[in-house]
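1. Generate a structure from the sequence data that follows.
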Amino acid sequence: MAHDLTLRPATSGDLAEIAELYQRVRAAAVPEMPAIVHTPDEVVAHVTHWDLEAREVWVAETGRLAGFMTLTRTWLDSLYVDPDAQGQGIGSALLEIATSTRPGGFALWVFESNEPARAFYRGHGFVELERTDGSGNEEQAPDVRMAWPGEDPVEFLRAQIDEVDHDLAQGLARRSALTAAVQAHKPVGGQAGRDHARERQIAERMAVHAPALGVDRLDRIVHAIITESLDAAEGQA
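-> Predicted coordinates for the structure are as follows:
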């Protein structure tokens, strides 16, 4: 642990220095992290206008600003440590504040290429829950959603599953309705008109986003979805 480490909530007077530290850390982290897509002036303007009533920000000091962290109720939005101060336990000290004040668990996003950060979080009990192609972030770089599952990991992870099940149910409802609607426009509808080559192509496309399941498993899932959707459509006819 760094000597004379002080952790405290940030004040508005810290924000300009936080903006500078953020840029310094990001620049030093390339290529593990992609380069910042905003200009220095844009970064400073954004950070110095943070609402500290709505955003929880902590700073770590060792005679100077050595790191900072921003939190919401359910997300760790950022945790950065000055390159010259890394390896001294500052990141762990900041993270301990997050875990102690959010015993129910929380999540964060980390770039897939940032293996040092991913290893840091795994070492503190975080699990990797989701990967994306990066289309949802400004840098357009693949990322990973990680989570600290809190004091009751089963409860936390079941809550995550419930959210996914909700999304799955909505997606299946849309898929079933579309499957029913297309039947009237096919030369042969129903089970007899199924295109198994197309179903395989669907599984292959899905496997790009769910590589852990693989094409064969997804092919079986697609087959079941279409079978049950057609059965439901025929039952309503």
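
2. For the rest of this, base every contact and every neighbour count on C-alpha atoms.
-> Noted.

3. for this structure, what spans make up the helices?
-> 15-29, 40-47, 90-101, 115-123, 153-182, 196-209, 214-236 (DSSP state H).

4. Give me the mean pLDDT for the fourth one.
-> Mean per-residue pLDDT for helix 115-123: 97.

5. now the third one
-> Along helix 90-101, the predicted local confidence has a mean pLDDT of 98.

6. picking up where we left off before, rebuild the helices of the chain as a markdown table, extending it with mean neighbour count and distance to residue 145.
-> Rendered in a markdown table, the data for the helices of the chain read as follows (neighbours: other Cα atoms under 10 Å; distance: least, Cα to Cα, whole Å):
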| stretch | mean neighbour count | distance to residue 145 |
| --- | --- | --- |
| helix 15-29 | 18 | 19 |
| helix 40-47 | 14 | 23 |
| helix 90-101 | 18 | 16 |
| helix 115-123 | 14 | 10 |
| helix 153-182 | 13 | 12 |
| helix 196-209 | 15 | 14 |
| helix 214-236 | 16 | 20 |
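
7. a markdown table for the ones you listed, including distance to residue 140?
-> Shown next, in a markdown table, are the helices of the chain (distance: least, Cα to Cα, whole Å):
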| stretch | distance to residue 140 |
| --- | --- |
| helix 15-29 | 16 |
| helix 40-47 | 18 |
| helix 90-101 | 26 |
| helix 115-123 | 17 |
| helix 153-182 | 23 |
| helix 196-209 | 15 |
| helix 214-236 | 24 |
